[in-house]
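Undergrad: Predicted model and sequence follow; I will ask about them next.
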Amino acid sequence: MGLLIGMDEAGYGPNLGPLVITASLWKVPGDPREFDFWQALQSVVSQKKPSKSSGLLHVADSKEVHSSSAGLAPLEKSTLPFLQLFHGEPKLESLESLWQLLIASPEHLDAIHKQPWNCKDEFTIPTAVESETVQASQRDLKQALDAAGIELLAFCSEIVLPERFNNLCAEYGTKGVMLTRLCMQLLTRVWDRTSIEPTLIIGDKHGGRNRYDEYLDEILDGEMIFRVEESTAKSIYKVGNTEVRFQTKAESHFPVAVSSMVCKYTREVMMERFNQFWSQHVPDLKPTKGYPVDARRFKDEIAVAQERLEISDQILWRGR
């Protein structure tokens, strides 16, 4: 058996809402560098957008699965079966239970609860598809995973709110360094460096960064890091039985694509809750995705309500 970790993020660029980074851990038969998830699971998943009548789950870069014009349904339909599979029983039925599933740090969960838009009223999921559809897809997915000898061992996420985002940017100097260090810290929660099983870690490249060994070194206990390749296409390192890759188009790898979708889904439902909160205080307010230009429009339109509610920019606005 081998282990495979896929890692990705969503929400790196916006001024509003969280940055979400997710790692997923999988056990597969044989060498993880050679295992083909797509072929093993072709009865239940598709890299290309399936027809509306198809029961296949669309697993790809979240930017391909989700679009504003189609709403949340396509992303929710394909992501929730994986989350529910890992969650088990009872059913995953709320944003709160999603946070409980993904966040390892009680401190970070407490910070979420302190945000005004997250501290009241339960936000139920799914929001756009029927629960029965999710449950049926989950059963089919489990059967396919079992038949292929694949086991989903973990999901773990960093949900970085604006206040922490700003503080970390100030501490580390740049957004890029912040993202890389958060990814490394997340790895420590799912990567068992004592495992004798061959392990492959795949993540997307962080902007133009080609060197990651100095950041890997920060989370290791003196283990030797062997630099295999560093280029604009990919950076590869060996640490014991583990191969670590940061590459462009990492979402072509199934575990990274699933992590990408979990990130995007988590951010999207949190932004729905955020927009619901502000629409209760500002009539006819157009919702936002939080990206620059529109985020500034939104902030201008909620300014009076923000002052009345005594909500500081510190917890609302990401400066970079």
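TA: Good, I have the coordinates.
Undergrad: from here on, contacts and neighbour counts on C-alpha atoms
TA: Will do.
Undergrad: And the strands in the chain?
TA: Assigned by DSSP state E, the strands in the chain fall at 2-10, 19-28, 45-46, 57-58, 151-160, 199-204, 226-230, 234-239, 242-247.
Undergrad: Those: which one's closest to residue 260?
TA: strand 2-10 (5.1 Å; Cα to Cα).
Undergrad: residues in contact with that closest one?
TA: 19-32, 183, 190-191, 197-204, 253-260, 263-264, 267 (Cα atoms under 8 Å, 6 or more residues apart in numbering).
Undergrad: Repeat that for stretch 141-161.
TA: 17-29, 40-41, 43-44, 81-82, 85-86, 101-104, 108, 112, 182, 186, 189-190, 263, 315.
Undergrad: Type out the ChimeraX command that picks the buried ones from the residues you listed.
TA: Command for ChimeraX, covering only those of these found buried under the criterion 16 or more other Cα atoms under 10 Å:
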select :17,18,19,20,21,22,23,24,25,26,27,28,40,41,44,81,82,85,86,101,102,103,104,108,112,186,190,263,315
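Undergrad: show me the contacts for the nearest residue to residue 48 once chain neighbours are set aside.
TA: Spatial nearest neighbour of residue 48, chain neighbours left out: residue 58 (6.6 Å); criterion: Cα to Cα, 6 or more residues apart in numbering. Residue 58 sits next to 45, 46, 47, 48, 49, 50, 65, 74, 78 when contact means Cα under 8 Å, 6+ apart.
Undergrad: Quick check: the second one touching residue 57?
TA: Spelled out, it's residue 46. Yes. Using Cα atoms under 8 Å, residue 46 is in contact with residue 57, at 6.1 Å.
Undergrad: Quick one: residues contacting residue 241.
TA: 195, 196, 197, 198, 199.
Undergrad: For it, give its distance to residue 270.
TA: From residue 241 across to residue 270, the span is 37 Å (Cα to Cα, to the nearest Å).
Undergrad: So residue 122 sits against residue 94, correct?
TA: Yes. Residue 122 is within contact range of residue 94, at 6.9 Å (criterion: Cα under 8 Å).
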